[in-house]
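# Build me a model from this:
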Amino acid sequence: MDQMTISPEQIQEAAENLSTIRDFIRFGVSALRQYDAHLGQGTEDFFAESSALVLQTLSLDWSANPEILDAKLLPSEKAEFLELLVRRVNEKIPTSYLLNLAYFANKPFYVDERVLIPRSPIAELIEQRFAPYFLDEQGQMRAALNALPENPLAITPRRILDMCTGSGCIAIALAYAFPESEVDATDISKEALEVASINSEHHNMQYQVALMESDLFEKIPAENQYDLIVTNPPYVDAEDMADLPQEFLHEPELALAAGQDGLDLVRKMLAQAADYLTEDGLIVIEVGNSEWAMKQNFNTVDMHWLQFQKGGSGIFALTAAQCRQYRDVFIQSLQNV
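Below you'll find the predicted structure:
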């Protein structure tokens, strides 16, 4: 059976015998694969993960010109990369936390262990401007690729809510997509909002994105009416929480765990959503692997389960009319827990 940690001898051998960027990317790929590093927190393959570690260490763009791959590393650069690789493999710390960097909707965001690492398929919905339910920032209708419902009264959303914002990546991406909109971003965690504030200032969005500490709708003024509510809440059920890979244990439990069936927060959202949506508003909720529980618990609700060209699932949409129609069902579900 393979040892599960990289030894100091292996690191010394690499430092003495490897020289180029290409060499160290290859070594990283081999180490990540050999020692069972778990992916899925911003990268989907070992090459991308190793490349990010090497190129970020060298202050190079992640899409660096291939010609630079044969450039040699200085001893100090070798040591810095190898130290990161040891922490990634031996301590199972996700790459995004090691680098304090993750990409969402093709934009960089600061992340640390106060927030979940961005990886939501909601980025694709933002790219398509939630067509065909909404118009884009130019008042045009984009291609309908994600099975969202049609809206004969489509507008460009003027007021948007990102609930459970975490790092703020969804709220900020929404602000880029709809530059004339007002975006509110809420989270129960003060620590998460500190990270969101860093990102808001970095992207110069502090005047368009309003951060607010709130447990779901609790502290949102009743008069706030949103054309679009987007949320990627905690949705991991108890069984999955007990079986998470080590890498995921570095993420805040508050951003993951959501009770026995993963729907504790979603039930609360649905029971109140109609009160905060405009007449023709839309709510989009990510529930991930708890999709099966949603379908079991709400089998009388005609939800719009979305499709993604770039991969991903477990996200549904409801119109404001549906939220009003099924309000009693949602309230009853909350009372039955």
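# What ranges does the chain have for its helices?
8-17, 21-34, 46-57, 75-90, 95-99, 122-127, 169-177, 190-202, 238-241, 264-276, 291-297, 320-325, 327-336 (DSSP state H).
# Go through the shortest one and flag the buried ones.
For helix 238-241, burial by neighbour count (16 or more other CB atoms under 10 Å) applies to 240-241. C-beta here means a position set from N, CA and C on the backbone, and glycine is covered the same way.
# re earlier: which among the helices of the chain is found nearest to residue 107?
Across the helices of the chain, residue 107 has its closest neighbour in helix 169-177 (6.6 Å, CB to CB).
# how far is that closest one from where the chain is centred?
In terms of CA atoms, centre = their mean, to the nearest Å, the centre of helix 169-177 is found 12 Å from the chain centre.
# can you check stretch 162-176 too?
Using CA atoms, centre = their mean, the offset of stretch 162-176 from its chain centre is 9 Å.
# May I have that stretch exported as PDB, CA atoms only?
Coordinates of each C-alpha in stretch 162-176 appear next as PDB, following Å, rounded to 0.1, in the frame of the first residue of the first chain:
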ATOM      1  CA  ASP A 162     -27.700  36.900  -3.200                       C
ATOM      2  CA  MET A 163     -28.500  35.000   0.000                       C
ATOM      3  CA  CYS A 164     -25.800  33.000   1.800                       C
ATOM      4  CA  THR A 165     -23.200  35.000  -0.100                       C
ATOM      5  CA  GLY A 166     -20.000  33.600   1.500                       C
ATOM      6  CA  SER A 167     -17.100  35.100  -0.400                       C
ATOM      7  CA  GLY A 168     -19.400  37.400  -2.300                       C
ATOM      8  CA  CYS A 169     -18.500  35.800  -5.600                       C
ATOM      9  CA  ILE A 170     -22.000  35.300  -6.900                       C
ATOM     10  CA  ALA A 171     -23.100  38.800  -5.800                       C
ATOM     11  CA  ILE A 172     -20.100  40.400  -7.500                       C
ATOM     12  CA  ALA A 173     -20.500  38.400 -10.600                       C
ATOM     13  CA  LEU A 174     -24.200  39.500 -10.700                       C
ATOM     14  CA  ALA A 175     -23.100  43.100 -10.400                       C
ATOM     15  CA  TYR A 176     -20.700  42.700 -13.300                       C
END
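# ok, and the helix or strand in the chain with the lowest average confidence?
When the helices and strands of the chain are compared on mean pLDDT, DSSP states H and E, helix 238-241 comes out lowest with a mean of 86.
# For the residue most central in space within the chain, which non-adjacent residue is closest in space?
Closest residue to the average C-alpha location of the chain: residue 118 at 2.9 Å, with CA atoms, centre = their mean. Once flanking residues are discounted, residue 118 sits nearest to residue 104: 3.8 Å by CB to CB, 6 or more residues apart in numbering.
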